[in-house]
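Enquirer: Provide a 3D model corresponding to the input given below.
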Amino acid sequence: MSFFKKFFTREKKEDLDQGLEKTKSNIFGQIAKAVAGKTTVDESFLDELEAIFISADVGLDTTIKIIDRLEARVAKDKYINTDDLNRILKDEIANIFLENKTEDVDGYELPTSSKPAIFLVVGVNGVGKTTTIGKITHQLKKQGKSVVLGAGDTFRAAAVDQLKIWADRNDCHFFSKGMNTDPAAVAYETVQYAINNDLDVAIIDTAGRLHTKKHLMGELSKIKRSVEKCLPGAPHEVLLVLDATTGQNAIEQAKHFTAATDVSAIALTKLDGTAKGGVVLGISDIFKIPIKYIGVGEGIEHLQPFNRAAFIEALFN
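Expert: Have a look, this model is predicted:
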């Protein structure tokens, strides 16, 4: 049995299909129209294909890479029909994910075998960062893991309250030092709390830093150093949460966050709310950082570990 068939239940596959429906219609519906009646890949078709991918927020550089490879394959494989074109596109999209460290994630895996595993979660306000933390915690609790959530966003009472709600909902530990305290101290003491209580995981929320504010991005680096001081080798995962509906702005955010800290994985939320899900491919190609989770709906089970095969299958079928 293949990994794809083993891991993806019918429900998960249906959620992914529905979550990517807007993007699928936008990209592949337009490609089907563009290729209708053609017997070869000519200049006009390539121009049209470029416009389709860019409109889906794949990004210019990634789009050019795909088109160049398509041209090379067509010359070699002698393009005949739409099925051939889809097969070639499918192959090249899969290759981009393979080249850029995005691997199929076998469920909600911890990033390390050491205990506790430390997650640092970063991203701007409004991208679904705290909700993503809650959904990951839900999955880890289902696996029997003990978890503490650290309220490192000490500037907004709503952020602390929301994280506490998720801790209560998941019946897990919660650590906070209250409002307007030093976020780096909260991060340090959350890790210490996880060690003292022999917990499996500590997930630390951070303030929704405006990526244009240099001093706030500097503070993020300070938080990371504080965590490492408490537990050498930590954090084991720096998860950047991005909102797919913001398209190219998500790419700009990623540029600033990757400059401020060693982002090790990306969670891309709200894919169900956009026709521009090509940003998944662009982000993977530009940053060479694995996409670990994608959000395909509002439900607690709608944050899925990213699976290349399932993602491509959902787009093309």
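Enquirer: mind checking how far K177 is from G218?
Expert: Distance of K177 to G218, given as Cβ to Cβ, to the nearest Å: 21 Å. Heads up, the C-betas are built off the backbone N, CA and C, glycines and all.
Enquirer: Between these two, which is the more surrounded one?
Expert: The neighbour count for K177 versus G218, taken as other Cβ atoms under 10 Å, is higher for K177 (17 against 11).
Enquirer: I'd like the distance from stretch 21-38 to the chain centre, please.
Expert: Its chain's C-alpha centre and that of stretch 21-38 lie 25 Å apart, by Cα atoms, centre = their mean, to the nearest Å.
Enquirer: hmm, who's touching that stretch?
Expert: The contact list for stretch 21-38 (Cβ atoms under 8 Å, 6 or more residues apart in numbering) reads 45, 48-49, 52-53, 55-56, 82, 85-86, 89, 271-278, 314-316.
Enquirer: for it, what is the average pLDDT?
Expert: What stretch 21-38 shows for mean pLDDT is 77.
Enquirer: Please renumber the chain so that the first residue is 8 from this point on.
Expert: All right, first residue 8 from here; so that's stretch 28-45.
Enquirer: Now do the buried residues in that stretch.
Expert: E28, K29, T30, K31, N33, I34, F35, Q37, I38, A41, V42 (16 or more other Cβ atoms under 10 Å).
Enquirer: With stretch 53-64 instead?
Expert: Applying 16+ other Cβ under 10 Å to stretch 53-64 flags L53, E55, L56, E57, I59, F60, I61, S62, A63, D64 as buried.
Enquirer: In three-state terms, label the last one for me.
Expert: In this case it means D64. Secondary structure for D64, judged by DSSP: H, G, I helix; E, B strand; the rest coil, is coil.
Enquirer: Got phi/psi on it?
Expert: phi 70, psi 30 (degrees, to the nearest 10).
Enquirer: got a list of what it touches?
Expert: D64 sits next to G254, Q255, K283, G284, G285, V286, G289 when contact means Cβ under 8 Å, 6+ apart.
Enquirer: and with 7 Å instead?
Expert: Residues in contact with D64, defined by Cβ atoms under 7 Å, 6 or more residues apart in numbering, are G254, Q255, K283, G285, V286, G289.
Enquirer: Could you check how many residues crowd around the fourth one?
Expert: As a burial measure, the neighbour count of G285 was computed by other Cβ under 10 Å and equals 26.
Enquirer: Who does G302 form a beta bridge with?
Expert: L310 (DSSP bridges).
Enquirer: Do you have the strands of the stretch 58-207 of the chain handy? List them.
Expert: Under the criterion DSSP state E, counting those that start in this stretch, the stretch 58-207 of the chain contains strands at 124-129, 154-159, 180-182.
Enquirer: Those into a markdown table, with extra columns for distance to I172?
Expert: Shown next, in a markdown table, are these (distance: least, Cβ to Cβ, whole Å):
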| stretch | distance to I172 |
| --- | --- |
| strand 124-129 | 16 |
| strand 154-159 | 10 |
| strand 180-182 | 10 |
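Enquirer: among the ones you listed, which is nearest E259?
Expert: strand 124-129 (14.7 Å; Cβ to Cβ).
Enquirer: got the CA positions of that closest one in PDB?
Expert: Output in PDB follows, covering the C-alpha atoms of strand 124-129 (Å, rounded to 0.1, in the frame of the first residue of the first chain):
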ATOM      1  CA  ALA A 124      10.500  19.100  21.900                       C
ATOM      2  CA  ILE A 125      10.300  22.900  21.600                       C
ATOM      3  CA  PHE A 126       8.200  24.700  18.900                       C
ATOM      4  CA  LEU A 127       8.600  28.400  18.400                       C
ATOM      5  CA  VAL A 128       5.700  29.700  16.300                       C
ATOM      6  CA  VAL A 129       6.000  33.000  14.400                       C
END
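Enquirer: what lines up beside that strand in the sheet?
Expert: When DSSP bridges is applied, strand 124-129 pairs with strand 208-213 (parallel), strand 244-250 (parallel).
Enquirer: Please parse this protein into its domains.
Expert: Domain ranges of the chain: 17-106, 124-270, per automatic domain parsing.
Enquirer: which of those sits most buried?
Expert: Highest mean neighbour count of the domains of the chain: domain 124-270, a mean of 20 (counted as mean count of other Cβ atoms under 10 Å).
Enquirer: Endpoints of it, how far apart?
Expert: Domain 124-270 stretches 16 Å from its first residue to its last (Cα to Cα, to the nearest Å).
Enquirer: and it, how far from the chain's centre?
Expert: Distance of domain 124-270 from the chain centroid (Cα atoms, centre = their mean) equals 15 Å.
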